[in-house]
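>>> Sequence first, then the predicted structure, then my questions.
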Amino acid sequence: MIRTVLLDVGWTLAYPQRSMWEIFADLCTEAGAPTTALACEQILRSVWGPSQEQSEQRFRAGAQYPDSDEEFYTAFAGLGRFLFAHLGVPTDDASLMQRFMQRFWTEANWVRFPDVTEGLQALRARGVRLGVLSNAPSDLPRFLDHLGLSPHLDFVVVSAIEGVKKPDRRIFEAALSRAEARPDEVLHVGDMYLEDVIGGRAAGVRTLLMERGARALFPNYRESQGRPIDAESLVTDLIQVLDHVRQLG
């Protein structure tokens, strides 16, 4: 029986109204290198696949994944520098990434998916405990309040606060401790194959991969594409997650 459902936040419970690709395209255009959101997505996706394969190998070899607010912003800065360099935008302009974060990681830019409130209410009605398990900076709880999600949650586990991020087993163990549940009693749902599916399974919990289509991190690429994951482990909304919980008893 599933006693607890762990949920990622970005592109699982909520999404940015102005996507990171649209914001990157705006910044490049403002810097004199006109481009499109699709072009930005394609450029970063071209290196994302191979880098993810290497990341999976490092994880299976025992890599650990520390985290902090600085790590969160550094990761986005790395993406930005790569993209700006590819498009001929000077990468020594620190204000570019400051402007990116001001537009992207702001409460006003994020909204919850239409199915989320109903899905969370239905899961709680079954007596399931609900927790957030997210790779995010320490201000995520404030975002959850803004999104109206906090009243539906029993606990929140944030990587920058814990000092470790998915797919590291330790953050899943922290969530299990908070849930007061065994791994076989927990279902984790997230939108990233390595962080959420491989990481969760390595910690002994059941996992589902959330694919939000046009509102996914990569709207023109399916995260499951080319992955060894069966169709039954894919969901597109929380109502389907509820169906899985019912099937598992």
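Nice, I can see it.
>>> Identify the residues contacting the helix or strand bottoming out on mean pLDDT in the chain?
Within the chain, no helix or strand scores below helix 37-60, which has a mean of 90 by mean pLDDT, DSSP states H and E. Residues outside helix 37-60 that contact it (CB atoms under 8 Å, 6 or more residues apart in numbering): 19, 21-22, 24-25, 28, 79, 82-83, 86-87, 167, 193-194, 198-199, 202, 218-221, 226. (Each C-beta comes from the backbone N, C-alpha and C, glycine too.)
>>> How about the helix or strand Phe82 falls within, which residues are buried there?
When secondary structure is defined by DSSP states H and E, Phe82 falls within helix 69-86. Residues 71-73, 77, 79-80, 83-84, 86 are the ones in helix 69-86 that count as buried (16 or more other CB atoms under 10 Å).
>>> again, but for stretch 135-144
The neighbour-count check on stretch 135-144 (16+ other CB under 10 Å) flags 135-137, 140-141, 143-144 as buried.
>>> In helices, which of the residues you listed appear?
Judged by DSSP state H, helices contain the following of the buried residues of stretch 135-144: 140-141, 143-144.
>>> Redo those residues as TSV? Include distance to Ser55.
Below are these laid out as TSV (distance: CB to CB, whole Å):
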residue	distance to Ser55
Leu140	22
Pro141	27
Phe143	26
Leu144	27
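>>> Find the pair from these with maximum spatial separation.
Spatially, the most separated pair among these is Pro141 and Phe143, at 7.2 Å (CB to CB).
>>> now do the same end-to-end measure for stretch 21-38.
Stretch 21-38 has its terminal residues 7 Å apart, counting by CA to CA, to the nearest Å.
>>> measure Ser177 to Ala203 for me?
Using CB to CB, to the nearest Å, one gets 12 Å for the distance from Ser177 to Ala203.
>>> okay, the two: which has more neighbours?
Taking neighbours as other CB atoms under 10 Å, Ser177 and Ala203 compare with Ala203 leading, 21 against 11.
>>> chain center to the regular element (helix or strand) spanning Leu120, what's the gap?
In this assignment (DSSP H and E), Leu120 forms part of helix 116-125. With CA atoms, centre = their mean, to the nearest Å as the basis, helix 116-125 stands 20 Å off its chain's centre.
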